[in-house]
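**Q** coordinates for the following, if possible.
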Amino acid sequence: MIDENRIINLTGHDVLVLSGSDPHGAVLATWRPSGVVARLRERTRGVSSVTIDGNEVPCWRVGYDDVVDGLPEPREGELLLVSRVLAGVVRRDDLVFPYPEVRDEHGVIVGCGGLAHFDHDGTVLSGTEGA
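**A** I've put the predicted structure just below:
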């Protein structure tokens, strides 16, 4: 079991775990931002536009570099709380993200039901986890 103090929040915002994934539920845990934000470097290129009500709306092509800013090296017994996109791209077992998102009645994310990490090796989908 990881001590909550060994979970480092590398997002730019508070992460709240809410009881029962209820937007009005009790707060089970809160991680404040560490002051460092881990981000994938993006490559962008404007490729086209769409006209909506007479206005030109630009459309972009976005990709990610292999470089991640603000992501420290793994340390024994420590989890790094990052964005879901970063956790999905970077194949490391120490990266977790808020999951599932908990939304209020207006659809605004107010917290999460817990933490998750990606199954990069496919054990969950193949049914071999814990085997």
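**Q** in this protein, what spans have low per-residue confidence?
**A** 1-4, 125-131 (pLDDT under 70).
**Q** can you give me the strands for it?
**A** 7-9, 15-18, 27-31, 39-52, 55-69, 79-81, 95-98, 101-103, 109-112, 115-116 (DSSP state E).
**Q** of all the ones you listed, which one is nearest residue 88?
**A** Smallest distance to residue 88 across the strands of the chain (CB to CB): 8.2 Å, for strand 95-98. Where C-beta positions appear, they are placed from N, C-alpha and C, glycine not excepted.
**Q** most remote residue from this structure's center?
**A** Ranking residues of the chain by C-alpha distance from their mean position (CA atoms, centre = their mean) puts residue 54 at the top, at 36.3 Å.
**Q** give the contact list for residue 46.
**A** 58, 59, 60, 61 (CB atoms under 8 Å, 6 or more residues apart in numbering).
**Q** and which of these is nearest residue 25?
**A** Nearest member of the contacts of residue 46 to residue 25, counting by CB to CB, is residue 60, at 37.5 Å.
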